[in-house]
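Student: here is a sequence together with a model predicted from it:
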Amino acid sequence: MTAAAPRAVFRTPWLTVREALESEPSGTERSWYYLDHPGCALVLPVTADGTLLLIRSWRIAVRQWCLEAPAGRCEPGESPEETARRELAEETGARAGALHPLGTVWPSSGSSNEEVHLFLAPDVRSGLPHHDDGEVIRQRPVPVDDALALAISGELRDAPTALALLRAHRRGLLPAVAPASAAVSPAALTDSATAEARPAATTAAPLATPGPGPAPKNPKETR
């Protein structure tokens, strides 16, 4: 196929939708639309006692609390490693020493060119988080064994987080810890848990092109 230069057909402060005209072998020209994304970094933060510092984030697109690892989009001029460290500090307050790369993943290649860079941060140091305006995040420390079980069972449905866990486990990078105590309920940590109601201020709204003026400070909605 011969690809024409994609053109922007819709923009927001956080994302751009592009149209690509593709000439098929039959000669037919077809339009394809996709989300143009600057890329993202995700980090699995593990403490010295084998606890994985996950978060639950309210995701408007699926209208659910999602269990995830700290992650966010790469800012201009920022390397994936720098993004991983910044997001870890912002969302959990933790600080990482070494970062072990776990490769990359295209979470939705049929509709977006987003590439997520995956990292493991062993033996992180705790601190105080400082969330961006508009973020709705709850801290959810989980024993590594429980998090891995959720990824294997499919109860942890954030694909990049689950894949990062499985890759780290396969490479022998996760700590060997004793089974979690009965006080920890993995089922209560999954995406489908209903004990915590959705944020009252979160309501669905029509998608519209932003008008002039400063962009809202909420760069997380595309991750």
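Tutor: Cool, got the structure.
Student: what residues does Ile152 make contact with?
Tutor: Residues near Ile152 by Cβ atoms under 8 Å, 6 or more residues apart in numbering: Leu166. Every residue, glycine included, has its C-beta placed from N, CA and C.
Student: mind telling me what element it is part of?
Tutor: helix 144-153 (DSSP states H and E).
Student: which other helices and strands contact the helix or strand that that helix is followed by?
Tutor: Per DSSP H and E, the first helix or strand lying C-terminal to helix 144-153 is helix 159-170. The contact analysis (3 or more Cβ pairs under 8 Å, 6 or more residues apart in numbering; DSSP states H and E) places helix 159-170 against strand 40-45, strand 100-105, strand 116-121, helix 144-153.
Student: winner for burial among these?
Tutor: Of all the helices and strands packed on helix 159-170, strand 40-45 has the most neighbours on average by mean count of other Cβ atoms under 10 Å, namely a mean of 28.
Student: which elements pack onto that one?
Tutor: strand 51-59, strand 71-73, helix 80-92, strand 116-121, helix 159-170.
Student: what sits against Glu78?
Tutor: Glu78 touches Arg86, counting by Cβ under 8 Å, 6+ apart.
Student: just use 408 as the starting number from now, easier for me
Tutor: Renumbered: residue one is now 408, and that last one reads Glu485.
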